[in-house]
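1. quick one, structure for this:
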Amino acid sequence: MSGDAARSLHPRFPNLDAAVVQGYLDAPETVVAEIVDGELSLMPRPRPRHAHAATRLAGELRAFGNPRGDEPGGWVLLIEPELELGAKPDVLIPDLAGWRRERVPPGFLQADELTLTPDWVCEVLSPSTSRFDRKRKLPIYHREGVGHAWLLDPAQRSLEVFRRTPEGWLLVGDHDGADVVRAEPFAAVALDLSMLWVE
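-> So this is what the prediction gives:
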């Protein structure tokens, strides 16, 4: 390897093209920067309706991540974690992600990079990201062993719940409007979808 090529490698991302890495590192805070299949993706920051749905969903799932009394608990839940998954890696930022607490090693939340595959992810769809989330990110989540994926669409007021199978994602729930659902993997608590939408 030439000296110039060696210098171009970033110690955190040695398998990625230097220009992609630099674009990712230099991305302004006004966009969501991800690296998918070795390519840089820059998406606009979520609109208020999108952010509202994600925030409300995080609140509705509080019983799993921050339980009180006899609530189920058992999870570490994060909003917009930066995940580094796979050998290259892919750098993905789901709207929410969760890890079963028994899988989380000591110091997990103090680490500079999150490389442990989540057990659950949720992407909140918008017109500008829907196809990208479905066609580009969901296959990576499946490849890396994520157990469940949710697609929440505030515009359509819908929630799609997917379970990972060896063959691909299996749609196990397709809910909308004001449904009250018990959705995998958080079926222990009923989720009132009407709480997620902007009136």
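2. any weak-confidence spans in the chain?
-> Scanning the chain with the threshold set as pLDDT under 70 gives 1-8.
3. so where do the helices sit in it?
-> With DSSP state H as the criterion, the chain has helices at 3-8, 18-25, 48-60, 62-65, 130-132, 138-143.
4. helices or strands up against the third one?
-> Which is helix 48-60. Counting contacts by 3 or more C-beta pairs under 8 Å, 6 or more residues apart in numbering; DSSP states H and E, helix 48-60 packs against strand 75-79, strand 96-100, strand 120-124, strand 148-153. C-betas here are computed from N, CA, C, even on glycine.
5. ok so, going back, will you turn the helices of the chain into TSV that also has distance to Pro106 and mean neighbour count?
-> As requested, the helices of the chain are arranged in TSV below (distance: least, C-beta to C-beta, whole Å; neighbours: other C-beta atoms under 10 Å):
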stretch	distance to Pro106	mean neighbour count
helix 3-8	35	10
helix 18-25	29	15
helix 48-60	24	17
helix 62-65	18	18
helix 130-132	35	14
helix 138-143	25	18
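6. among those, which is nearest Glu82?
-> helix 18-25 (10.3 Å; C-beta to C-beta).
7. which residue packs closest to Leu85, ignoring adjacent ones?
-> Leaving aside its sequence neighbours, Leu85 sits nearest to Glu144 (C-beta to C-beta, 6 or more residues apart in numbering; 4.5 Å).
8. separation between that neighbour and Pro94?
-> Distance from Glu144 to Pro94, counting by C-beta to C-beta, to the nearest Å: 12 Å.
9. more neighbours, the two?
-> Pro94 (26 against 17; other C-beta atoms under 10 Å).
10. ok, that one - contacts?
-> 80-81, 83, 118, 121-123, 137, 141 (C-beta atoms under 8 Å, 6 or more residues apart in numbering).
11. ok, Leu42 touching Val32?
-> Yes - with contacts counted by C-beta atoms under 8 Å, Leu42 reaches Val32, the gap being 7.4 Å.
12. would you agree Glu80 is in contact with Asp95?
-> Yes - using C-beta under 8 Å, Glu80 is in contact with Asp95, at 6.3 Å.
13. more neighbours: which of the two?
-> Per other C-beta under 10 Å, whichever of Glu80 and Asp95 has more neighbours is Asp95, with 25 against 13.
14. which residues are in contact with that one?
-> For Asp95, the contact set (C-beta under 8 Å, 6+ apart) comprises 46, 50, 54, 79-80, 122-124, 152.
15. could you measure from it over to Ala51?
-> Shown here: Asp95 relative to Ala51, a distance of 9 Å by C-beta to C-beta.
16. good, we can wrap up now.
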